[in-house]
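Engineer: below are the sequence and a predicted model for it; my questions follow.
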Amino acid sequence: MKILAADTSTPSGSLALFDGENLTAEWTLRSGKTHNRRLLKSLDSILRKAGWDLKSIDAFAVASGPGSFTGLRIGMTTMKVLAWTTGKLYGSICSLDALAFPFCLSASPICAMIDARKSEVYCALYRPDGKGGLNLDIQHSAMSPSLLAEKILSRFSEPVIFCGDGWTAYRSLLRAKLGDLVLEPPSCFHIIRAASVGELARRRFVKEESDDPRSSAPMYLRASEAEILYPDMAEKSSGKPEII
């Protein structure tokens, strides 16, 4: 099975190609340019360099959030339309799950964090299952870094691995509150890799699990600015599955 995976949930966009269990290619770039200005060009480039084309793709996977509202819509729209128009498999993967996945063989708990702006982080806390998988200990949430620190102090006595741009944004605050409970990996582990999105999707596909591209929606975790400012319009538009 050939899989094309993408992540646009943070400023560091990423694409990956899988041929069965094998990672064929991966491209990751943190740029000031918005994803709509680089995603399709990058997609075309990675396919050409791998000698693939869209017709050869069997399944599409995408990080579905939480993260940047605009970035998520760009990535999900692209991958949903490609899957829907080609009739191929489609899978959406939580961005926090993908961020934590590189530590799946760790013996320590993992706290994945994405900067949510407005003095909050999107976060989740996982425990490795010893078999290359992760079990959720603290559900995907949006909260202040201080509240997250309180939850960790109340539940854990062993060191926790922190990863993501939410950690780098609030590193000083969390270190001050958590002290020796903090384990910080190298900087390369603070980005979401499309390879992680692709592998998590592949595991779902082999179990015959997938999502409907027509109704799959981003995991926002909190209301958008537009929903806060214009709640009546948000209510009228809710509950209508669409290719966004």
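Structural biologist: That came through fine.

Engineer: pLDDT weak spots in this structure?
Structural biologist: 32-33, 224-244 (pLDDT under 70).

Engineer: strands of that one, residue ranges please.
Structural biologist: Ranges of strands in the chain, per DSSP state E, are 2-7, 12-19, 22-30, 59-63, 89-93, 110-117, 120-128, 134-143, 160-163, 182-183.

Engineer: which parts of the third one are buried?
Structural biologist: Taking 16 or more other Cβ atoms under 10 Å as the basis for neighbour counts, the residues of strand 22-30 that come out buried are 23, 24, 25, 26, 27, 28. In this view, the C-beta of every residue, glycine as well, is placed from N, C-alpha and C.

Engineer: please identify which pair of those lies farthest apart.
Structural biologist: Farthest-apart pair in the buried residues of strand 22-30 is 24 and 28; separation 14.7 Å (Cβ to Cβ).

Engineer: how close does residue 12 sit to residue 71?
Structural biologist: Separation of residue 12 from residue 71 (Cβ to Cβ, to the nearest Å): 10 Å.

Engineer: give me the more crowded residue out of these two.
Structural biologist: Set residue 12 next to residue 71 and count neighbours by other Cβ atoms under 10 Å: residue 71 wins out with 24 against 17.

Engineer: any idea how far that one lies from residue 42?
Structural biologist: 14 Å.

Engineer: what touches both of the two?
Structural biologist: Common neighbours of residue 71 and residue 42 (criterion: Cβ atoms under 8 Å, 6 or more residues apart in numbering): residue 13.

Engineer: mind putting the strands of the chain in TSV, distance to residue 52 included?
Structural biologist: Converted to TSV, those look like this (distance: least, Cβ to Cβ, whole Å):
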stretch	distance to residue 52
strand 2-7	7
strand 12-19	6
strand 22-30	8
strand 59-63	13
strand 89-93	16
strand 110-117	30
strand 120-128	32
strand 134-143	30
strand 160-163	30
strand 182-183	38
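
Engineer: out of these, which is the most enclosed?
Structural biologist: Stretch with highest mean neighbour count among the strands of the chain: strand 59-63 (a mean of 30; mean count of other Cβ atoms under 10 Å).

Engineer: Serialize the buried residues of strand 22-30 to CSV and add fields for distance to residue 5.
Structural biologist: Listed next are the buried residues of strand 22-30 as CSV, based on distance: Cβ to Cβ, whole Å:
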residue, distance to residue 5
23, 10
24, 11
25, 11
26, 9
27, 11
28, 12
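
Engineer: what's next to the longest helix seen in the chain, contact-wise?
Structural biologist: Ranked by number of residues, the top helix in the chain under DSSP state H is helix 69-86. Helix 69-86 has contacts (Cβ under 8 Å, 6+ apart) with 4, 6-11, 13, 34-36, 39-40, 43, 54-55, 57, 59-66, 88-90, 92, 213-214, 216, 218, 220, 224-225, 243-244.

Engineer: also stretch 174-182?
Structural biologist: Here stretch 174-182 makes contact (Cβ under 8 Å, 6+ apart) with 145, 146, 148, 149, 152, 153, 156, 158, 159, 160, 162, 167.

Engineer: measure the residue sitting nearest the centre point of the chain to residue 202 for me?
Structural biologist: Per Cα atoms, centre = their mean, the C-alpha nearest to the average position across the chain is that of residue 95, at 1.5 Å. Plainly put, residue 95 is 17 Å away from residue 202 if you go by Cβ to Cβ.

Engineer: swap in residue 186?
Structural biologist: Residue 186 is 25 Å from residue 202, by Cβ to Cβ.

Engineer: between those two, which is the more surrounded one?
Structural biologist: Taking other Cβ under 10 Å, residue 186 and residue 202 do not tie; residue 202 has more neighbours (19 against 7).
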